[in-house]
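S.K.: Need coordinates for the below:
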Amino acid sequence: MGFAAPSTFDLPEEFLLGIRPEDVVIRLDGEHRGEIILTKPLGVETIVHLRTGDEVLLSILWGFSHLSIGEEVAFTVGDERLQFFSTDGNRIAREVS
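M.R.: Prediction:
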């Protein structure tokens, strides 16, 4: 799974990438693929855990989901909302152009 780093600022050689669950959207035409490894129905929403490569991402679906553990799905990630952190946990601010 690859993401384009924003061209508006320089990232250090090593950094941590933060992706919020609300920015991981399961959809038929998604550019990434993942396997559902856990679903947590919480009434108004369902939290879905997706394994993609060595990483696990969370996605929030509104309402009850009929997705099953082991099912492969496509998803997108809102690249404009990615968060970047230094390896010591400090947020790397985006420069405003």
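S.K.: where along this protein do the strands fall?
M.R.: 16-18, 24-26, 32-41, 45-52, 55-62, 72-77, 83-85 (DSSP state E).
S.K.: right, so of these, which gets closest to Asp10?
M.R.: With C-beta to C-beta as the measure, strand 83-85 is the member of the strands of the chain nearest Asp10 (10.6 Å). Quick note: C-beta positions are derived from backbone N, CA and C, even for glycine.
S.K.: Can you pull the poorly scored residue ranges out of the chain?
M.R.: Under the criterion pLDDT under 70, the flagged ranges of the chain are 1-9, 94-97.
S.K.: Go again with 80.
M.R.: 1-10, 79, 93-97 (pLDDT under 80).
S.K.: Could you dump the strands of the chain into JSON lines and include mean neighbour count and distance to Asp10?
M.R.: What follows is these, written out as JSON lines (neighbours: other C-beta atoms under 10 Å; distance: least, C-beta to C-beta, whole Å):
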{"stretch": "strand 16-18", "mean neighbour count": "13", "distance to Asp10": "15"}
{"stretch": "strand 24-26", "mean neighbour count": "18", "distance to Asp10": "26"}
{"stretch": "strand 32-41", "mean neighbour count": "16", "distance to Asp10": "25"}
{"stretch": "strand 45-52", "mean neighbour count": "18", "distance to Asp10": "27"}
{"stretch": "strand 55-62", "mean neighbour count": "16", "distance to Asp10": "24"}
{"stretch": "strand 72-77", "mean neighbour count": "16", "distance to Asp10": "22"}
{"stretch": "strand 83-85", "mean neighbour count": "15", "distance to Asp10": "11"}
